[in-house]
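# no sequence for this one, just the structure:
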(Lines give C-alpha, C1' and ligand atoms only; values in the text may rest on other atoms or scores of the structure.)
Protein backbone atom coordinates (compact mmCIF):
# COMPACT_ATOMS: atom_id res chain seq x y z
CA UNK A 1 0.00 0.00 0.00
CA UNK A 2 1.53 3.36 -0.98
CA UNK A 3 2.41 5.82 1.72
CA UNK A 4 1.64 9.49 1.12
CA UNK A 5 3.14 12.69 2.45
CA UNK A 6 3.29 16.41 1.83
CA UNK A 7 4.46 19.77 3.01
CA UNK A 8 2.11 21.77 5.27
CA UNK A 9 0.30 23.64 2.48
CA UNK A 10 0.14 20.67 0.09
CA UNK A 11 2.05 22.23 -2.80
CA UNK A 12 4.58 19.39 -2.46
CA UNK A 13 3.01 15.94 -2.25
CA UNK A 14 4.43 12.49 -2.86
CA UNK A 15 3.59 8.83 -2.72
CA UNK A 16 5.98 6.07 -1.78
CA UNK A 17 5.75 2.42 -2.78
CA UNK A 18 7.15 1.25 0.55
CA UNK A 19 6.52 1.48 4.26
CA UNK A 20 9.23 2.56 6.69
CA UNK A 21 10.27 0.21 9.43
CA UNK A 22 13.33 2.11 10.57
CA UNK A 23 14.60 5.68 10.48
CA UNK A 24 17.35 7.92 11.75
CA UNK A 25 17.25 11.05 13.84
CA UNK A 26 20.22 13.05 12.60
CA UNK A 27 21.93 15.73 14.67
CA UNK A 28 23.51 17.65 11.78
CA UNK A 29 22.94 21.38 11.77
CA UNK A 30 19.87 21.31 9.49
CA UNK A 31 18.16 18.12 10.69
CA UNK A 32 18.56 19.14 14.34
CA UNK A 33 16.90 22.48 13.65
CA UNK A 34 14.08 20.92 11.62
CA UNK A 35 13.47 18.01 13.98
CA UNK A 36 13.57 15.57 11.07
CA UNK A 37 13.05 11.83 11.41
CA UNK A 38 14.39 10.35 8.18
CA UNK A 39 13.85 7.10 6.30
CA UNK A 40 15.82 6.35 3.11
CA UNK A 41 14.49 4.63 0.00
CA UNK A 42 15.60 3.95 -3.55
CA UNK A 43 14.36 6.57 -6.05
CA UNK A 44 12.18 4.05 -7.91
CA UNK A 45 9.93 3.83 -4.81
CA UNK A 46 9.33 7.61 -4.69
CA UNK A 47 6.79 9.44 -6.85
CA UNK A 48 6.42 13.20 -6.72
CA UNK A 49 2.72 13.89 -7.25
CA UNK A 50 3.07 17.66 -7.68
CA UNK A 51 5.20 20.00 -9.76
CA UNK A 52 8.82 20.69 -8.92
CA UNK A 53 8.05 24.38 -9.54
CA UNK A 54 7.08 24.83 -5.87
CA UNK A 55 10.28 23.22 -4.56
CA UNK A 56 13.36 25.11 -3.45
CA UNK A 57 16.62 23.25 -2.90
CA UNK A 58 19.31 23.81 -0.30
CA UNK A 59 22.68 22.06 -0.09
CA UNK A 60 25.59 22.52 2.30
CA UNK A 61 28.73 20.74 3.45
CA UNK A 62 29.73 18.14 0.88
CA UNK A 63 26.61 18.88 -1.23
CA UNK A 64 25.62 15.21 -1.51
CA UNK A 65 22.08 15.78 -0.23
CA UNK A 66 19.65 18.15 -1.92
CA UNK A 67 17.29 19.27 0.85
CA UNK A 68 13.91 19.97 -0.79
CA UNK A 69 11.52 22.42 0.82
CA UNK A 70 8.32 24.20 -0.11
CA UNK A 71 8.67 27.77 -1.38
CA UNK A 72 5.33 28.64 0.25
CA UNK A 73 5.21 27.00 3.69
CA UNK A 74 8.88 26.08 4.20
CA UNK A 75 8.26 22.43 5.18
CA UNK A 76 10.85 19.91 4.04
CA UNK A 77 9.07 16.61 3.29
CA UNK A 78 11.97 14.91 1.47
CA UNK A 79 15.53 15.15 0.23
CA UNK A 80 17.39 13.55 -2.66
CA UNK A 81 21.02 12.62 -2.76
CA UNK A 82 23.71 10.03 -2.65
CA UNK A 83 24.12 7.59 0.21
CA UNK A 84 27.42 6.58 1.81
CA UNK A 85 27.57 3.66 -0.63
CA UNK A 86 27.41 6.05 -3.62
CA UNK A 87 23.89 5.01 -4.65
CA UNK A 88 21.04 7.44 -5.29
CA UNK A 89 18.51 7.76 -2.49
CA UNK A 90 15.41 9.65 -1.49
CA UNK A 91 15.04 10.46 2.18
CA UNK A 92 11.56 11.00 3.54
CA UNK A 93 10.96 13.19 6.59
CA UNK A 94 8.50 10.95 8.44
CA UNK A 95 7.13 13.96 10.30
CA UNK A 96 5.59 15.00 6.95
CA UNK A 97 4.17 11.54 6.13
CA UNK A 98 0.49 10.71 6.55
CA UNK A 99 -0.62 8.09 9.05
CA UNK A 100 2.83 7.26 10.43
CA UNK A 101 3.00 6.35 14.10
CA UNK A 102 6.60 7.14 15.00
CA UNK A 103 6.22 4.93 18.06
CA UNK A 104 6.15 1.89 15.75
CA UNK A 105 9.31 2.87 13.85
CA UNK A 106 12.79 1.89 15.09
CA UNK A 107 14.55 5.26 15.28
CA UNK A 108 18.35 5.30 15.58
CA UNK A 109 20.36 8.38 16.46
CA UNK A 110 22.79 9.37 13.70
CA UNK A 111 25.80 11.62 14.35
CA UNK A 112 25.65 13.72 11.20
CA UNK A 113 27.26 16.61 13.07
CA UNK A 114 30.56 14.72 13.01
CA UNK A 115 30.64 14.30 9.23
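Structure's in. What do you need? Computed from a predicted structure; not experimentally measured. Numbering: from 1, shown residues only.
# right, and the helix or strand after the lowest-mean-pLDDT helix or strand in the chain?
One helix or strand of the chain scores below all others by mean pLDDT, DSSP states H and E: helix 29-34, with a mean of 92. Scanning forward in sequence from helix 29-34 by DSSP states H and E, the next helix or strand is strand 38-41.
# which elements pack onto that next one?
In terms of contacts (3 or more Cβ pairs under 8 Å, 6 or more residues apart in numbering; DSSP states H and E), strand 38-41 is packed against strand 22-26, strand 88-93. Bear in mind the C-beta positions are built from the backbone N, C-alpha and C, glycine included.
# residues in contact with it: which ones?
Outside strand 38-41, the residues that touch it by Cβ atoms under 8 Å, 6 or more residues apart in numbering are 16, 18, 20, 22-26, 31, 79, 83, 89-94, 105.
# now swap in stretch 52-69 and tell me
With Cβ under 8 Å, 6+ apart, stretch 52-69 has contacts from 7, 11-12, 28-30, 70-72, 75-82, 91, 115.
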